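Student: sequence? don't have it. structure:
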């Protein structure tokens, strides 16, 4: 499950997590307008005041579907170029139900949630990785996504 396009560092990291051949089912979550306040609080907590001020400028809801589709296509192409099989879809409703269904249908060994830090949600264990751990029945690894200019992908504290 991702919230933004995979960077080169993210692709390098997730494709080297295991020695065997991997295939990915990528679920892209578009920005929802219900998350705006939490994102702004996270930005302030992380010292990214400029980003908090411009939070309302980002497309959300229906307007976020096109950017999400482009981000998904970029991510799938990047995974395929790295030699992996990759398919994906946009999450429209009930993300955890869809995630559980994909895990059951594909007999997935693990779920990777690649996300930006969400301090408020993580503190209350309401972030996607924490919630997925109670729903999918396989290990859930939380990774913090990076932009292409970042050097090293960061692993979340929880596994």
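Tutor: All right, it came through fine. Everything numeric here is computed off the predicted structure, so don't read it as measured data.
Student: which parts of the longest helix anywhere in the chain are buried?
Tutor: The residue-count maximum for a helix in the chain (DSSP state H) belongs to helix 65-81. Under the neighbour-count criterion of 16 or more other CB atoms under 10 Å, helix 65-81 has 67, 68, 71, 72, 75, 76, 78, 79 buried. In this view, the C-beta of every residue, glycine as well, is placed from N, C-alpha and C.
Student: what does stretch 6-24 give?
Tutor: Of the residues in stretch 6-24, 6, 7, 9, 10, 11, 13, 14, 15, 22, 24 count as buried by neighbour count, 16+ other CB under 10 Å.
Student: Where does confidence bottom out across those residues?
Tutor: Minimum pLDDT for the buried residues of stretch 6-24 is recorded at residue 22 (90).
Student: list the contacts for the residue nearest to it when sequence neighbours are not counted?
Tutor: Closest residue to residue 22 apart from its sequence neighbours, by CB to CB, 6 or more residues apart in numbering: residue 84 at 5.3 Å. When contacts are counted by CB atoms under 8 Å, 6 or more residues apart in numbering, residue 84 touches 15, 21, 22, 23, 24.
Student: hang on, the earlier thing: I'd like the buried residues of helix 65-81 laid out as JSON lines, including distance to residue 103 and pLDDT.
Tutor: Converted to JSON lines, the buried residues of helix 65-81 look like this (distance: CB to CB, whole Å; pLDDT from 0 to 100):
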{"residue": "67", "distance to residue 103": "26", "pLDDT": "86"}
{"residue": "68", "distance to residue 103": "21", "pLDDT": "89"}
{"residue": "71", "distance to residue 103": "22", "pLDDT": "93"}
{"residue": "72", "distance to residue 103": "19", "pLDDT": "96"}
{"residue": "75", "distance to residue 103": "19", "pLDDT": "96"}
{"residue": "76", "distance to residue 103": "19", "pLDDT": "98"}
{"residue": "78", "distance to residue 103": "22", "pLDDT": "97"}
{"residue": "79", "distance to residue 103": "18", "pLDDT": "97"}
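Student: Which helix or strand in this structure has the lowest average pLDDT?
Tutor: strand 154-155 (a mean of 46; mean pLDDT, DSSP states H and E).
Student: List the contacts of the closest residue to residue 75 other than its chain neighbours.
Tutor: Counting by CB to CB, 6+ apart, residue 75 lies nearest to residue 6, which is 4.1 Å off, once chain neighbours are set aside. Residue 6 makes contact with 14, 74, 75, 78, 79, 114, 145, according to CB under 8 Å, 6+ apart.
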